[in-house]
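Trainee: how does the following fold in three dimensions:
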Amino acid sequence: MMNSTHVTFFTLSAYFDTGRLKYLYFLVVMSLYTLIVCCNVLLILVICVNRTLHEPMYLFLCSLFVNELYGSSGLFPLILVHILSDSHTVSAPLCFLQIFCVHLYGSVELFTLGAMSYDRYVAICFPLQYHMWMSLRNVCVITACVWLYSVLATVVMLSLSAPLQLCGNIIHKVYCDNFSVVKLACYDTSVNNIFGLSYIFTVIVGLIAMILYSYMRILKVCLSGSRRTRQKALSTCTPHLSSIINFSFGAFFEIVQGRFNMSSLPNTLRIFLSLYWLTCQPLLNPLLYGLSLTKIRIICKSLGTSR
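Mentor: Predicted structure coming up:
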């Protein structure tokens, strides 16, 4: 084991020499990032400008799109720099800043999806009480709590990781990750592990249980309701359920990859799967909700024809 040192930079070892293909990879990633930014900004503006969309579901969607815009901006610029660079190092402050952005994105995403599940549950199972329970004030309070709690949890996580004495500076990824830094620590990291596992098994499992319960109740109402009720529930719940499944798959693999040795998988596959939850979700959600939700689709079409 190396002696404890004050680490001033980290090396992202998952990058590999691609020769002239790096310019092609740069264009592909740049196009993906541009598409994510344009789609999310467009839908944020559509929801903010049109008063007809100032309803709980669309306000939660706006928060979701803001988070995906923020999360992508915490990831892609640094990746674009490293694709063209021969030196894949990042300063310690910038690395911890990226860790903050990435983990805050994941926390806000999960909590917002949970809030949206509760919103659909109330709308379908308790339609008469919906406007009382999901008033504009309550939606704003829920959204503020989602962001505030996520910021506090991420700050606590970083406050436990930043002071660690490290015996190395090599991160086996294309971006900085908290658990990758913790694994470099020279000494006992029990407090970090306890906090991480507690967060996973209380908050994350609790949210997933709430989401499953909400959709079990929604399914029960749909099966016993009229055809019109089933169609309405499907039109609003299908994109949300698809988003939850997509995010859960990516986040689950990221957690498993951090905790267990996945060296048996090809390096390219591991890189793709570690980036999946950070790239596919911000791209999928605007397309999914923009095409599936009638109000958003009609307004976007009207904007296109007005030109």
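
Trainee: settle this for me: Val122 is touching Gln129, isn't it.
Mentor: Yes - Val122 sits in contact with Gln129 when judged by CB atoms under 8 Å, with a separation of 7.1 Å. (Glycine included, C-beta is placed from N, CA and C.)

Trainee: who has more neighbours, those two?
Mentor: Counted by other CB atoms under 10 Å, Val122 and Gln129 do not tie: Val122 has more neighbours, with 18 against 11.

Trainee: residues in contact with that one?
Mentor: 129-130, 133-134 (CB atoms under 8 Å, 6 or more residues apart in numbering).

Trainee: one more time with 6 Å
Mentor: 130, 133-134 (CB atoms under 6 Å, 6 or more residues apart in numbering).

Trainee: which of the residues you listed sits closest to Ile296?
Mentor: Met134 (18.6 Å; CB to CB).

Trainee: does that closest one touch Pro56 like I think?
Mentor: Yes - Met134 is in contact with Pro56 according to CB atoms under 6 Å; the separation is 4.4 Å.

Trainee: returning to what we had before: show me how to select, in ChimeraX, the buried members of the contacts of Val122.
Mentor: Of these, the buried ones go into a single ChimeraX selection, burial set by 16 or more other CB atoms under 10 Å:
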select :134
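
Trainee: figure out the helix or strand that the residue sitting nearest the centre point of the chain lives in.
Mentor: Residue closest to the mean C-alpha point of the chain, counted by CA atoms, centre = their mean, is Gly106 at 3.9 Å. Taking DSSP states H and E as the criterion, Gly106 maps to helix 92-125.

Trainee: which stretches of this protein have low pLDDT?
Mentor: 1-5, 225, 229, 232, 258-263, 291-294, 300-301, 303-307 (pLDDT under 70).

Trainee: strands along that one, start to end?
Mentor: Taking DSSP state E, the strands of the chain run over residues 9-12, 89-91, 170-171.
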